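Participant: here is my input, please return the structure:
(4 chains)
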There are 2 protein chains.
Amino acid sequence: MTKPTVESIQERAPCCTVTAPPLPEAAAGERARRFKALADPTRVQIVSVLLRNGDPVCVCDITALFPLGQPTVSYHLKVLRDAGLVDCHRRGPWCYYYVRPEAAGWVRAALGSG
Amino acid sequence: MTKPTVESIQERAPCCTVTAPPLPEAAAGERARRFKALADPTRVQIVSVLLRNGDPVCVCDITALFPLGQPTVSYHLKVLRDAGLVDCHRRGPWCYYYVRPEAAGWVRAALGSG
DNA sequence: CTCGCATATTGACAACCTTCGATACATCAG
DNA sequence: CTGATGTATCGAAGGTTGTCAATATGCGAG
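Facilitator: This next block holds a predicted model:
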């Protein structure tokens, strides 16, 4: 076999190039946590609704959009809340959810296109 | 209780505002699939290494970075490959992985900061 | 072809995720 | 307080994921 391109190698194992270190474990965990929060189609759709609506959206409206039970939707909202992507405030008996402003930029970019 | 802000409501259930529709299910699933690929700290770190290295990186170099068995690293690489985020080519007995150019923009943005 | 090395695949297991029904909690109307 | 409604939590069932040891595959050297 032929050795890897000469310009990427100098006196080391025959396969190896110079490798930059990975993201530190803490930072990687933090990123992974956010990705995990969006790693479900239902949660992607929930967030997309919140993004498209400028104003906070009532849970009952969100629940009506999916063929899922109310506890399940509540669970997904909790996952998004725990990840810091969304938050809510009560008005009377209703809860209104919105994408947290600190996270909105990232969420919009991550969901955007690509 | 007091009704929600008057300006966001007209003749509907007392909790509801006008809600935009969610992202279509197909698109949401596609997004979720990509997020799921990065929903693990090890995979985030692998991708970060590939991003930081301009050139493709040998599997043995990647494996050496983590306290995981070789099959486990191989599994993570497969997950990233199946999600379309990375690809590889063999040179002799070695496999060199890289972030796919089509995905690099999104990956960089998603991993970036936020 | 046969051997040795790098990587991929398989099978198994524990942990976790999504979902549901049942139930609890919160808030308002009466 | 009592009842009705909206939302959250609990417990359990079933599927998925991350990990490993064992094994298979691909490739070059001899």
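
Participant: all contacts plus neighbour counts: C-alpha atoms, from now on.
Facilitator: Fine.

Participant: any idea how far residue A:76 is from the nearest residue to residue A:100 once chain neighbours are set aside?
Facilitator: Distances taken as Cα to Cα, 6 or more residues apart in numbering or on different chains put residue A:86 closest to residue A:100, at 4.9 Å, once the chain neighbours are dropped. Remark: distance between residue A:86 and residue A:76 (Cα to Cα, to the nearest Å) = 11 Å.

Participant: residue boundaries of the strands in chain A?
Facilitator: Taking DSSP state E as the test, the strands found in chain A are A:57-58, A:86-91, A:94-99.

Participant: of those strands, which is nearest DNA strand D?
Facilitator: strand A:94-99 (3.7 Å; Cα to the nearest atom of the strand).

Participant: quick revisit: neighbours around the residue nearest to residue A:100, how many?
Facilitator: Residue A:86 has 21 neighbours, counted by other Cα atoms under 10 Å in any protein chain shown.

Participant: bridged to it, which residues?
Facilitator: residue A:99 (DSSP bridges).

Participant: where in chain A is pLDDT low?
Facilitator: For chain A, the stretches with pLDDT under 70 are A:1-13, A:113-114.

Participant: mind redoing it with 50?
Facilitator: A:1-11 (pLDDT under 50).

Participant: and chain A, which residues reach DNA strand D?
Facilitator: A:1-2, A:58-60, A:70-72, A:74-75, A:77-78, A:93-96 (Cα under 7 Å from any atom of the strand).

Participant: residues contacting residue A:21?
Facilitator: Neighbour list for residue A:21: residue B:49 [criterion: Cα atoms under 8 Å, 6 or more residues apart in numbering or on different chains].

Participant: could I get the full set of helices for chain A?
Facilitator: A:25-37, A:41-52, A:59-64, A:70-82, A:101-112 (DSSP state H).

Participant: what helices or strands is the shortest one leaning on?
Facilitator: So that's helix A:59-64. Judged by 3 or more Cα pairs under 8 Å, 6 or more residues apart in numbering or on different chains; DSSP states H and E, helix A:59-64 is in contact with helix A:70-82, strand A:94-99.

Participant: for those, which one ends up most surrounded?
Facilitator: Highest mean neighbour count of the helices and strands packed on helix A:59-64: strand A:94-99, a mean of 21 (counted as mean count of other Cα atoms under 10 Å in any protein chain shown).

Participant: that one versus helix A:101-112: what angle between them?
Facilitator: Here strand A:94-99 points in a direction 70 degrees away from that of helix A:101-112 (axes from the mean of the first three to the mean of the last three Cα atoms, to 10 degrees).

Participant: so strand A:94-99, near DNA strand C or not?
Facilitator: No. Applying Cα under 7 Å from any atom of the strand, one finds strand A:94-99 separated from DNA strand C by no less than 7.6 Å.

Participant: that strand: how far from the chain's middle?
Facilitator: Chain-centre distance of strand A:94-99: 18 Å, with Cα atoms, centre = their mean, to the nearest Å.

Participant: likewise for stretch A:84-101?
Facilitator: Counting by Cα atoms, centre = their mean, stretch A:84-101 comes out at 17 Å from the chain centroid.
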